[in-house]
Structure formats: C-alpha cells, structure tokens
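Colleague: Any chance you can model this:
(chains A and B)
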Number of protein chains: 2
Amino acid sequence: MIRFSVTILGSSSATPTSERNPTSQLVNHHDRLFMIDCGEGTQVTLRKLKIHFQKVNHIFISHLHGDHFYGLIGLISSMHLLGRDHELHIYGPPELEELIYFQLRVSQTTLIYPLVFHATRSDVPGIIFEDSFLEVSTFPLNHRIATTGFLFREKPGLRKVIKEKALEIKIPAWAYEKIRKGEDFTDGEGNFYPNNELTLDPPPPRSYAYCSDTAYHEPVVEYIKGADLLYHEATFMNDREANATEKFHSTAAQAGKIALQAGVKKLILGHFSARYDDLQPLLEEARVNFPEAYLAEEGACFEIPVAI
Amino acid sequence: MIRFSVTILGSSSATPTSERNPTSQLVNHHDRLFMIDCGEGTQVTLRKLKIHFQKVNHIFISHLHGDHFYGLIGLISSMHLLGRDHELHIYGPPELEELIYFQLRVSQTTLIYPLVFHATRSDVPGIIFEDSFLEVSTFPLNHRIATTGFLFREKPGLRKVIKEKALEIKIPAWAYEKIRKGEDFTDGEGNFYPNNELTLDPPPPRSYAYCSDTAYHEPVVEYIKGADLLYHEATFMNDREANATEKFHSTAAQAGKIALQAGVKKLILGHFSARYDDLQPLLEEARVNFPEAYLAEEGACFEIPVAI
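Modeller: Below is the predicted model:
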C-alpha cells in the first residue's frame, strides 16, 4: 500500500508560542516528502523529529505572511551548507523568488544545488505539480493578501487483476499491464474477455486539502469536495467570529461547517491564536458541526488510509 | 550598582542543531536590553527564557550571514503583532534595511511602531550608539563578507564623595552633583577644598567586546584591549586550523590567544561547529592560552562585576 500521511510541524498562528511553532506541514506520499509552508524554526523541528530534510524536494508556500515562510530561507541555506546535490522545487507567490535571491545575494551565497522556482497564482485554480502518482493543485482562498490552498490528489491506480480469473484463462505476463490499464483481452484461441470480467476497480484515489489562511469562504467547497483529509485553519472560536472575519481568519465552528459541506472524511484544525492555551474547546466547537475533527499538534502524524 | 550582563541566546555556527540555536546574545546594561545578532528562532528562545522582548530597543547585527539575522524579521513582526508602541533601533549593514522593508512589503505590513535603521560600516571603526551610561562602537573583523565587532563601553561614572569629609565640612546638597563631576568646592567661609580631597575615583568603566565571525585577526586587539569580558568565536579546534582559515573562522586556541594579547579579564567562546557534540575539548584548548575561558551555552548569563 502506498503511504499517504501528513505530519504537523507547526500549528500556531501569527506569533509562535513557547509550545507551538508557526505553520508548517510535511506530506509523505509514497515516501516522497512535500513541505507545505515553512514558518520560522521549521528546520529545527525537522531535526527534533529526526526527519532528514534533504529528502524534501518540493516546498509549497501558501502566502507571504511571515508565519508561513520565515523559516524557508534558513532551510534553503542549511540544505546548501550541508551539501545538497539535487533539485529543490519551491512553489509560491512570485515575489518570493525575488526575496530568496535577495537574501542569498546579501550573504554572497551561490547555492550549490539547483533551486527551481514555480510562481503560483491566487486568482485562478491550477495544477502546479504532477507525476505518475500525484497531482498538486492550488485554489484561491479569501485572505488579506494573495493566498492559495493546496490539494494533493493521487492519480488513479491501475486496475486489480482477479487472481482466479488470471489462472483460469492463463493470462500471459506481457498482457498484465495492458489489462491493468483497462484493456480487454483476447487469448491465443480467439476467446474475448472484456476487461470488467478480468479486473476489479483500483482503490479510489485519495486526497488531502490544505486551507490556510482564510476567512469562512464557501467557494472552497467545490475544490475540496470529498477529500479524505482536510486541514482548515481555526484561528479563533465562534465568540470571536467578528474578529475572525475582520482578520480574514476562520473560527473552529466555521472550519467544521466547511468540512461538512465538502463531505470530507476527516478534518484537522490548526493555526491557533496564541490566546488559547487549552485547545480542547476549539475541538469541541468544531465537532458540533463535524464530529471527525482533530487538533493539529506538533509532531502529530495523520495517516490517510486506502478506502476498501 | 549598575547591572551589566550578557545572556547567551544561541551558540551554534552556520546550521542550528537540535541542542544549539544560531547566534544571538542579549546585553543588559542598567536594565536596558541590547540584542546582538538574531539567528532564526531567537524570538522563541526569548519566550522560553521569559524575557519580555518588547524591552529590547536596540538590535545590532554583525553581518549578513543567515545564522546571524534570519530571526530578525520574525522578531520585528511579532513586536508589531503584539502591539509595540515605541521605537526599535536596528544597526547593521546597509542592505539589511532594504531587506527588512522588502519583507514587510510582500506581507503588506506597515509597522505600528517606529523602526529606526542605522547603517554600519565595516571598513572603519565608529561609535554607533551613545547615551549617558553607555557607548557602543564597531570595529572591523576579518570575515568572508563585511562584518563588524561591537564594543560596549560604559561612560565614566560620577566620582564618589567621601562620606566623612562631606559630614565634616558640611557640603550642601546643591554642591554634590558638581563635586561628583570633579569640581572643587569653596564653602561659605571661603575655605577651598580641591576635588581630590573630597572624592574617590569612580569604579573604572566596564566593557564588553563581541567578535563574531572572524578569522584569527590580531588588529582587533587594539579595539578590545582590557575588556572586562570578550566574546570571541571559536568555530573549530586547532586540528582544523586550515579549515578555519579558509572559512574566515577561528579556532578555540586562537580565541584564547586573542584574549591573552588583549589582556581581557574573561573570555566566552561560541559559534561552535555542529560537528562538536561535546564542547569540553574546545574549552580546554582555549584555556591553554587563556585560563579564564568559558563556553557560551543557551541561557547562560555572564555578569560583569564592578572592579573594586
């Protein structure tokens, strides 16, 4: 089974606390590591969790508020100082590229590895990464400055050949891949077997949707519909809804409401205001709308199981 | 007695480890806080040490290698988000100002407090801060990029009036400050008292010298001569002297040698390479040249006593 998981590196909003780091997450798909956002101190958190950060090859930055990217330049520098030799891809608003090179210039640093920058757009959705296993796309959020959500969606897998049938009609080795891709099969004696008699559907592709930071914004529902796992910011509780709206943030109740409308399977809450020492009330508030809600906590890992 | 102390916030070189933060220090003089360098994560270290960071009004950046300033923008932002209402003075290479404003611009942040930037020069020494109690000056170091050391030197204090003498000749209250400043005194009956019969010398002004990062560089000795406390980087041990020279860094033995030549009272070693888990051998190496050597360790506070 292909692993698909999300590890929380930071769950705090604007200012870090002594307990919570600013936002960062690590998506593991098929043992490849994708980072989402990179608040100050993320490289140290990776070390503490014993995650080898040279294995991170793609970093997605949702927007240019400091708590989502002030750790990026330090990580880029450490990768350089520790002898990285392979490409690092960074996806984010266009000004981020200029800022990275400005920072490297003032320290007179020429990276010893290739850094490939991919500018994102926050006005329209779009696919920004794709390979045989996975596709990552952006969608617009409703924040004070240009901000994108990210959707990680698996590519459909190959169909599953029915073992008994394969033995019965003696499918030759060369035909397997074609059949798994959906082709029908005709044996040497001219007997025709439609694909649906030979195979079962592959497990449905899984998806992870990341919504940070955003005001309550129903248009996101169409992009994240049916996600297996949704991260949605929950900076405040509902008694501060006006405050949340003014700051283009969401409440825990609103995060639960979006999860419900989108029919996702599980919800992670995060980006908690430093005013909350105890996060349990936020969790309970979200669970009123959506019982399968959980708290983002530093180091917590959410596995996305294959649906049976 | 006026307090004069140095607290270590970070002691690591280029890359942080899970135990050691990148460089930052806090000088407390007369309960005013001056920060020197501000590596990534410094704001969290301040929180952990329960130091109220809005009390920091002056930040000195020695040079623009990331491990000395990547925490600055996060600290500036948090000061803003937490409602700072008074000036913050930053001293550093001119490009730093541009970089700060670029970072604020991309997040569309207009600081709610005044940020006053003072550009430093690394080619000549110069006074960059002065008030009634203290003077801070820069001096050139020998590093790969423009780098300054900092010297914190107390202003001479007022002379100490000899209590018995004051009672004997009945010095009136209004004359005290003048006498403490060194003036002679003539009483109502025309009796003349030269100042040296009325007062004792004030305690000698104390000083703290900060040398990071630099190759072994004897010209610094003239600037730091007789300092009460010297911080000198000691990235490597002497078996890697060639490596140190190539990277414009120093060894622990070299730090001890500079301390000896400068006739300082006490030496702090820091900026340790991540290769050293155990720092004791670096300390022992420095102590061969200069026995009063100590290790910079996160949270350690070095008090500078008044000489008697």
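Colleague: From here on, just use CA atoms for contacts and neighbour counts.
Modeller: Noted.
Colleague: According to the record, where do the domains of chain A fall?
Modeller: Following automatic domain parsing, one gets these domains for chain A: A:4-157+A:203-303, A:160-200.
Colleague: can you tell me the distance between the two ends of the last one?
Modeller: Spelled out, it's domain A:160-200. 5 Å (C-alpha to C-alpha, to the nearest Å).
Colleague: swap in the first one?
Modeller: In domain A:4-157+A:203-303, first residue to last residue: 6 Å (C-alpha to C-alpha).
Colleague: Flag every residue of the stretch 101-250 of chain A that's near chain B.
Modeller: A:102, A:103, A:106, A:107, A:108, A:145 (C-alpha under 8 Å from any C-alpha of the partner chain).
Colleague: burial of the nearest residue to residue A:157 once chain neighbours are set aside, as a residue count?
Modeller: Distance criterion C-alpha to C-alpha, 6 or more residues apart in numbering or on different chains; nearest residue to residue A:157, sequence neighbours excluded, is residue A:202 at 5.7 Å. Residue A:202 has 14 neighbours, counted by other C-alpha atoms under 10 Å in any protein chain shown.
Colleague: Same check on residue A:9?
Modeller: Residue A:9: 31 neighbours (other C-alpha under 10 Å).
Colleague: Tell me the secondary structure at it.
Modeller: Assigned by DSSP: H, G, I helix; E, B strand; the rest coil, the conformation of residue A:9 is strand.
Colleague: for residue A:84, what are its contacts?
Modeller: The contact partners of residue A:84, taken as C-alpha atoms under 8 Å, 6 or more residues apart in numbering or on different chains, are A:54, A:112, A:113.
Colleague: May I have the residues that are in contact with the first one?
Modeller: Right, the one you point to is residue A:54. The neighbourhood of residue A:54, defined by C-alpha under 8 Å, 6+ apart, consists of A:79, A:84.
Colleague: Surely it is within a helix?
Modeller: Yes - Residue A:54 forms part of a helix when assessed by three-state DSSP.
Colleague: do you know how far residue A:137 is from residue A:92?
Modeller: Residue A:137 is 12 Å from residue A:92, by C-alpha to C-alpha.
Colleague: Comparing the two, which residue is more hemmed in?
Modeller: Legend: neighbour count by other C-alpha under 10 Å for residue A:137 and residue A:92, higher for residue A:92 (24 against 19).
Colleague: Quick check: that one vs residue A:105, distance?
Modeller: 20 Å.
Colleague: Then residue A:114?
Modeller: On the measure of C-alpha to C-alpha, residue A:114 and residue A:105 end up 16 Å apart.
Colleague: Ok, residue A:131 next?
Modeller: 33 Å.
Colleague: quick one, which of these two is more surrounded?
Modeller: Between residue A:131 and residue A:105, residue A:105 has the larger neighbour count (other C-alpha under 10 Å), namely 13 against 9.
Colleague: Is the more buried one in a helix, a strand, or coil?
Modeller: helix.
Colleague: Find me the pLDDT at it, would you?
Modeller: With respect to pLDDT, residue A:105 has a value of 95.
Colleague: Just list the residues touching it, thanks.
Modeller: Taking C-alpha under 8 Å, 6+ apart as the definition, residue A:105 has no contacts.
Colleague: got it, and the one 3 residues further on?
Modeller: With contact set as C-alpha under 8 Å, 6+ apart, residue A:108 has these partners: residue B:145.
Colleague: Can you list phi and psi of it for me?
Modeller: Main-chain torsions, residue A:108, degrees, to the nearest 10: phi 50, psi 50.
Colleague: How about residue A:80?
Modeller: Dihedral angles for residue A:80 - degrees, to the nearest 10 - are phi -70, psi -50.
Colleague: That one and residue B:33, how far apart?
Modeller: 34 Å.
Colleague: Who has more neighbours out of those two?
Modeller: Counted by other C-alpha under 10 Å, residue A:80 and residue B:33 do not tie: residue B:33 has more neighbours, with 21 against 18.
Colleague: Next SSE downstream of the helix or strand containing the more buried one?
Modeller: For residue B:33, the host element (DSSP states H and E) is strand B:32-38. Moving toward the C-terminus from strand B:32-38, the next helix or strand (DSSP H and E) is helix B:42-48.
Colleague: Give me the residues contacting that next one.
Modeller: A:16-18, B:9-10, B:21, B:24, B:52-53, B:71-72, B:74-75.
Colleague: Could you pull up the residues touching the residue nearest to residue A:157?
Modeller: Counting by C-alpha under 8 Å, 6+ apart, residue A:202 has contacts A:156, A:157, A:158, A:159, A:160.
Colleague: Those in strands, which ones?
Modeller: Among those, the members falling in strands (DSSP state E) are residue A:160.
Colleague: Just the pLDDT at the residue nearest to residue A:233 when sequence neighbours are not counted, thanks.
Modeller: Nearest non-adjacent residue to residue A:233, counting by C-alpha to C-alpha, 6+ apart: residue A:270, 4.9 Å away. What the model reports for residue A:270 is a pLDDT of 97.
Colleague: And the strands in the stretch 101-250 of chain A?
Modeller: A:115-119, A:126-130, A:134-140, A:148-154, A:160-161, A:185-186, A:192-193, A:199-200, A:207-211, A:229-233 (DSSP state E, counting those that start in this stretch).
Colleague: Those: which one's closest to residue A:301?
Modeller: strand A:229-233 (12.1 Å; C-alpha to C-alpha).
Colleague: ok so, going back, angle of the strand holding residue B:33 against strand B:148-154?
Modeller: Interaxial angle, strand B:32-38 versus strand B:148-154 (axes from the mean of the first three to the mean of the last three C-alpha atoms, to 10 degrees): 170 degrees.
Colleague: Can you give me the buried ones in strand B:32-38?
Modeller: B:33, B:34, B:35, B:36, B:37, B:38 (16 or more other C-alpha atoms under 10 Å in any protein chain shown).
Colleague: Ok, stretch A:203-216 next?
Modeller: A:205, A:206, A:207, A:208, A:209, A:210, A:211, A:212, A:213, A:214, A:215, A:216.
Colleague: right, and the pair among those residues with maximum separation?
Modeller: A:205 and A:215 (28.5 Å).
Colleague: what sits against the nearest residue to residue A:114 once chain neighbours are set aside?
Modeller: The shortest distance from residue A:114 to any non-neighbouring residue, by C-alpha to C-alpha, 6+ apart, is to residue A:87 (4.8 Å). Going by C-alpha under 8 Å, 6+ apart, residue A:87 touches A:57, A:113, A:114, A:115, A:116.
Colleague: Buried only: go through the residues you listed for me.
Modeller: Of the contacts of residue A:87, these count as buried by 16+ other C-alpha under 10 Å: residue A:57.
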